[in-house]
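Q: quick one, structure for this:
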Amino acid sequence: MPALRADLALPSTTLSNPPDYFQASRNPKSEVATYVAAYQDELARSTLLAVFSYFEGYARSVMREIVAFHGGGDQFRTLAHDRATRFIASSHPGVTLHKRKLQDRRAPAKLFKYQKYGRLLEAKGFKFPTDLLSHFGVVQLLSKIKDDRTIRAWEIPSLFEECLLFPLATTERDLYEEVRVIRNDVAHGKAPTIALQASLRYASGLHSFAARVDHHVAEHFLVIQTV
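A: Numbering: from 1, shown residues only. I've put the predicted structure just below:
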């Protein structure tokens, strides 16, 4: 842009060194000058649109990567189903005895008893209802990633938080929502004014956000599981 401004300052009526694929004869200096004046706003908006689109693509891709790592949708679903049903089919005498202690009417006064038998069951590998519902969670995840339209932009933070148990910081949620609202305005033709430096800060913030998610996924979800 500084070079273009210098060209515009020359006395000729057309650009002396137009950019590639740019017909100087059809773009008089007076018109080009109006574009130059607002180029930072346009660049800021374009940068924000591109970075947010990349982040959306990453969110969808990382979910699919988890499933692919475990052999694909069918194998992942089968693994979750077999684990849950195997625990249901277990009839170990010690498990049955302790479990019966937790199948009466809930009473606050018996909390310590519940905790005691809960620990005993955990030591024997017993799976509680929340563990058994994990198969349903896998089924729901597969339905969310079947195509790009099933994961909406506004859902992404909650999907990280609820599906991946990602410890989402308030600052990350606020950043994401702020960028998403601006992106929507730009995409709908409202063309809000955005400082280029602010757009670059948004880009850096989303990059850091994605890096944290990536580390979390690598630590907890990309682990070979056979049983």
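
Q: for Val95, what are its contacts?
A: For Val95, the contacting residues are Leu121, Lys124, Phe126, by C-beta atoms under 8 Å, 6 or more residues apart in numbering. Bear in mind the C-beta positions are built from the backbone N, C-alpha and C, glycine included.

Q: correction: the previous question concerned Leu196.
A: Leu196 neighbours (C-beta under 8 Å, 6+ apart): Gln40, Asp41, Leu43, Ala44, Thr47.

Q: now do it against Asn184, distance only.
A: The gap separating Leu196 from Asn184 is 20 Å, by C-beta to C-beta, to the nearest Å.

Q: kindly report the same for Ala89.
A: For Ala89, the distance to Asn184 equals 50 Å [C-beta to C-beta].

Q: who has more neighbours, the two?
A: Asn184 (13 against 7; other C-beta atoms under 10 Å).

Q: please, which helix or strand holds Asp104?
A: For Asp104, there is no helix or strand it lies in under DSSP states H and E.

Q: what about it, neighbour count?
A: By the criterion of other C-beta under 10 Å, Asp104 has 10 neighbours.

Q: repeat for the one 4 residues further on
A: Residues within reach of Pro108, counting by other C-beta under 10 Å, total 6.

Q: cool, the one 4 residues further on as well?
A: Counted by other C-beta under 10 Å, the residues lying close to Phe112 total 8.

Q: what helix or strand is it on?
A: Assigned by DSSP H and E, Phe112 belongs to helix 111-123.

Q: please identify the buried residues of that helix?
A: Tyr117, Gly118, Leu120, Leu121 (16 or more other C-beta atoms under 10 Å).

Q: same question for stretch 10-18.
A: For stretch 10-18, by 16+ other C-beta under 10 Å, it's Leu15.

Q: of all the buried residues of helix 111-123, which two lie farthest apart?
A: Maximum pairwise distance among the buried residues of helix 111-123 (C-beta to C-beta): 7.3 Å, between Gly118 and Leu120.

Q: which one of the buried residues of helix 111-123 sits closest to Glu162?
A: For those, the nearest to Glu162 is Gly118 (24.0 Å; C-beta to C-beta).

Q: chain neighbours aside, what residue packs nearest to the closest one?
A: Spatial nearest neighbour of Gly118, chain neighbours left out: Leu102 (6.9 Å); criterion: C-beta to C-beta, 6 or more residues apart in numbering.

Q: before we move on, what SS does that neighbour have?
A: Going by DSSP: H, G, I helix; E, B strand; the rest coil, the secondary structure assigned to Leu102 is coil.

Q: which stretches in this structure count as helices?
A: For the chain, the helices defined by DSSP state H cover 2-8, 29-37, 39-69, 73-89, 93-100, 111-123, 129-132, 134-144, 156-163, 170-187, 196-220.

Q: select, out of the ones you listed, the one closest to Thr226.
A: Of those, nearest to Thr226 by C-beta to C-beta is helix 73-89, at 8.1 Å.

Q: at the geometric centre of the chain, which residue sits there?
A: For the chain, the residue whose C-alpha lies nearest the mean C-alpha position (C-alpha atoms, centre = their mean) is Ala59; its distance is 3.4 Å.

Q: what packs against the helix holding Phe112?
A: For helix 111-123, the elements it packs on are helix 93-100, judged by 3 or more C-beta pairs under 8 Å, 6 or more residues apart in numbering; DSSP states H and E.

Q: next, the buried residues of the helix it packs on.
A: So for helix 93-100, counting by 16+ other C-beta under 10 Å, buried means Val95, His98, Lys99.
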